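Q: The amino acid sequence is not available; the structure is as follows:
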């Protein structure tokens, strides 16, 4: 019976315009497919870096299977087959990518099984061995004895310079970190949620000010929790399954605090803290480094290059693992370096500079010297005008302070760090990554860097340097001393307790501690020496400028009530009154505006960050910085700014619109639509929002909604090329080709170089010529190749179509549009195996692609996997309920399951959408047939055969019906024609044999049954009829033989059609 629903004869009836839904303006591939693509070849450092960036973006929720698979792939050291400068950089990149992936797993709900954890741990030793050999190579590489060995496959001799004592201590640290993290993970339970809950509670206890506590504060920091003293309490709560080295529990807590801090500030309740989380982290790092520099391990290790860190690595035992001295210090500096590479805040860079400098000067081992130098030189490269000369001068001064016999060792360290950074930069350039070097209009000296830090530590109200700040609910940061005294003023004057800068009410339950005491304590001497503190009282100069009167009025009231008895005057580089100036007169604002015009978005972010320090509640500045971050594909940072902007002003539309751009790029279409709807509720005629929503609707195949938005957009702006292009595409898919041509031609007049518009026109020859011209200019344009492949398909040139689609997929292997096109082409030429493979891959990338789901369901139907087929078709119809293609196949499956009413419902709906679908008509005709509704069945076969006159199955069924209603001549005509198309079809031979039998033409009937039984020897119906014919023509022995043969059949299978015949 399955044969009767065969579609091979009706492939030409496919609606080609619905088959290929051309994607307009290719969007970037989604993050899941990107991750899977990068994972295919981790031997390529470019893929490692890109995958690491995906994992580090907390906005991207990678599936658990991807993270686990990545861990397994990253633990494979087989790609490291020789030793060279580049392999050292490559090794660090792979270990860092492994580290961030493992960290992502640590803070997820995943519990690694014992087997995989042990395998990862075992694989780690391969990296240790390779690293040890690499260090040996570079130590011995200048000797003649080694040079002979260097000709072996282990050493890359493409470079003539083989460096002596070339160290990269980052690799040592990363190996120890990975080892101890794997040691700390348990396969029988998870502690992540409990640990993070405790860390979060700790952070809130550290920073949150209750109303009661606020009123009791005296201005000193004695009541604020000390991080270093509190953290050991967590170490006691952790119960590691395997022994852990001395440093790791505290390191794990530090990482947990860092993770919790970033996630805490993403919470809308604590959104005010987002701008300040870098300073919170730096305060923590300063506290660690200060304590560690006092209590550093092994003072004998002062610049002793003979002690190799690998001597501390014991990765083959779980009894007594060891680690390099001061690993925690190294880790703190590594966090600072990571921050310095990502931040756009000058104050964070300045604090990282002094953290690196203090570490260098206080360090007693080359392990920390190396990392301090790397941090400093990283800053020097990132902002050379600000840091380069100062850092070089400080390094030289430090070297001169060392004993002569240690200066050579220090020179080797400088060489190692410099060489490592140079190789890293060259390596990144080879991989076509953008240089991290940034533009800077600030020319640096120590005074400017201290000015930046002094500005950070100066209360905008009291103008005093302090480490005791509060963050108010409005976002301004003011010293706790000033706030407490200002509260006294408001009590005396019986007025509202409000921010002295912006006049917003101060809500104590949304006020937070913002301690900077460790920073101040460590830099106090430098600030004092530079003259930022002056014990002599200086008169405060009060400006007559009206823009300053907010603060002037505050100072007068403070003086009136003698609140500041002994103010410490400060010499400050810029007037603090700048904090209340209009944004338009700020130099940073104007420089940001200029950079926006030049599309220099990195500079835009740098200057707008300075403005936000003064205006943390500025909606427009948040939106502008978010847009710059969006253009740089820094989606997480952009979303943070937009979340804050929306909290500030929910009645404005721009932040919703910008956030929808981010959600669209991340393929989070539901969230994008929610934001776009909100944006358009606020501003209904915004063209950007209408066009974006139309695009999102287009991407999820909601063409009617997309069409409506595009029409509205074009009413407002008739010459919008984007809207014309998309509406042309929708007209095209609606079969309204003349309308499509008008829109796309008009779009091309406005933007002549748009590839999609030039190709998506129904006139195939013209369209083909356009794409041919485009491909002459750019022969490897994957999009143009895909579109030309689609056009070849429309023209029935399947071989040419496959050639273009294959080439396109070699360039972009995960292009779902190309995969879908090729899958459909394979389907039409009956290459179902290849078609199924393409749809599998396509749906792995875009699981909700209704077209791919419907075609995969159709292939499963061909393979008689009806339940699996039904699952795909149901899912497809949830997404696109009116897909005639999916409906007809589901109707066919319901028939095979004898669910005839369900079958008719789907087939009726499919034929309402596409009345001339011969396949659906045939299916409905067969369903009516088995339900004995012959008149309706006959009507469907009439219509089906008008469309496809040579459909052998339909002819067979119509011949059956004619016989049942006693029209034997018509029956024989149809059955004869069917057998001309399919010469030896056993089913049709039996049908004609029955018709001949009824007409008493026994010889003809016997001839047909004999042929039928040659094909299907044990068919009981044919055997029964042949026995009866032999009896009627008096061939009793043959008749009896047939009856005996029937009796021997172990099973008689009567198809539904044949049961009617009998």
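A: Nice, thanks for sending it over. Since the model is a prediction, treat every value here as computed from it, not as a measurement.

Q: okay, CA-based contacts and neighbour counts for the rest of this
A: Fine.

Q: Residue 698 contacts residue 710, correct?
A: No - using CA atoms under 8 Å, residue 698 is not in contact with residue 710, being 10.4 Å away.

Q: quick one, which of those two is more surrounded?
A: residue 710 (27 against 22; other CA atoms under 10 Å).

Q: what's the closest non-adjacent residue to that one?
A: Residue nearest to residue 710 in three dimensions, not counting chain neighbours: residue 723, with 5.6 Å by CA to CA, 6 or more residues apart in numbering.

Q: do the same with residue 959
A: Leaving aside its sequence neighbours, residue 959 sits nearest to residue 971 (CA to CA, 6+ apart; 4.0 Å).

Q: likewise residue 1004?
A: residue 996 (6.4 Å).

Q: Quickly note the distance from that neighbour to residue 84.
A: For residue 996, the distance to residue 84 equals 86 Å [CA to CA, to the nearest Å].

Q: and residue 469, what element?
A: Assigned by DSSP states H and E, residue 469 belongs to strand 468-471.

Q: List the strands paired with the very next helix or strand once past that strand, with their directions.
A: Counting by DSSP H and E, the next helix or strand C-terminal to strand 468-471 is strand 477-479. Neighbouring strands of strand 477-479 in its sheet, by DSSP bridges, are strand 468-471 (antiparallel).

Q: re earlier: list the residues that contact the residue nearest to residue 710.
A: Counting by CA atoms under 8 Å, 6 or more residues apart in numbering, residue 723 touches 691, 710, 713-714.

Q: would JSON lines of those with distance to residue 489 be doable?
A: Shown next, in JSON lines, are those (distance: CA to CA, whole Å):
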{"residue": "691", "distance to residue 489": "53"}
{"residue": "710", "distance to residue 489": "58"}
{"residue": "713", "distance to residue 489": "55"}
{"residue": "714", "distance to residue 489": "58"}
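
Q: so can I have JSON lines of these showing pLDDT?
A: Putting the contacts of residue 723 into JSON lines (pLDDT from 0 to 100) gives the following:
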{"residue": "691", "pLDDT": "92"}
{"residue": "710", "pLDDT": "91"}
{"residue": "713", "pLDDT": "89"}
{"residue": "714", "pLDDT": "90"}
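
Q: For these, pick the one with the most neighbours.
A: residue 710 leads the contacts of residue 723 on contacts (other CA under 10 Å) with 27 neighbours.

Q: is it fair to say that one lies in a helix?
A: Yes - according to DSSP: H, G, I helix; E, B strand; the rest coil, residue 710 belongs to a helix.

Q: who touches the strand holding residue 469?
A: Counting by CA under 8 Å, 6+ apart, residues outside strand 468-471 touching it are 219-221, 272-273, 459, 477-481, 511-517.

Q: Counting by contacts, list what the helix or strand containing the residue nearest to residue 959 packs against.
A: Counting by DSSP H and E, the element that carries residue 971 is helix 968-981. Where contact means 3 or more CA pairs under 8 Å, 6 or more residues apart in numbering; DSSP states H and E, helix 968-981 is packed against helix 952-964, helix 986-998.

Q: Pull out the buried positions in it.
A: 968, 970-979 (16 or more other CA atoms under 10 Å).

Q: with the residues you listed in mind, which one is nearest to residue 472?
A: The closest of the buried residues of helix 968-981 to residue 472 turns out to be residue 978 (CA to CA; 85.6 Å).

Q: Verify the stated contact: the closest one with residue 953.
A: Yes - at 7.3 Å, residue 978 counts as touching residue 953 under the criterion of CA under 8 Å.

Q: Report the residue ranges of every domain in the protein.
A: Domain assignment of the chain by automatic domain parsing yields the ranges 32-143+162-184, 245-430, 446-580, 600-808, 984-1062.

Q: Single out the most deeply packed of those domains.
A: domain 600-808 (a mean of 20; mean count of other CA atoms under 10 Å).

Q: got the end-to-end distance for it?
A: End-to-end distance for domain 600-808, by CA to CA: 33 Å.

Q: Show me how far it is from its chain's centre.
A: 19 Å (CA atoms, centre = their mean, to the nearest Å).

Q: so where is the stretch 701-850 of the chain shaky, pLDDT-wise?
A: 732-733, 735, 737-738, 740-741, 744-745, 748-749, 751-771, 773-774 (pLDDT under 70).

Q: can you tell me which of the domains of the chain comes nearest to residue 853?
A: The closest of the domains of the chain to residue 853 is domain 600-808. By CA to CA, the value is 13.4 Å.

Q: In contact with the residue nearest to residue 1004, which residues?
A: 1002, 1004-1005.

Q: Repeat the analysis, applying 10 Å as the threshold.
A: 963, 968, 972, 990, 1002-1008 (CA atoms under 10 Å, 6 or more residues apart in numbering).

Q: In this structure the residue nearest to residue 959 contacts residue 960, no?
A: Yes - counting by CA atoms under 10 Å, residue 971 does reach residue 960; the two are 6.5 Å apart.

Q: what residues are shared contacts of those two?
A: By CA under 10 Å, 6+ apart, the residues touching both residue 971 and residue 960 are 991-992, 995.
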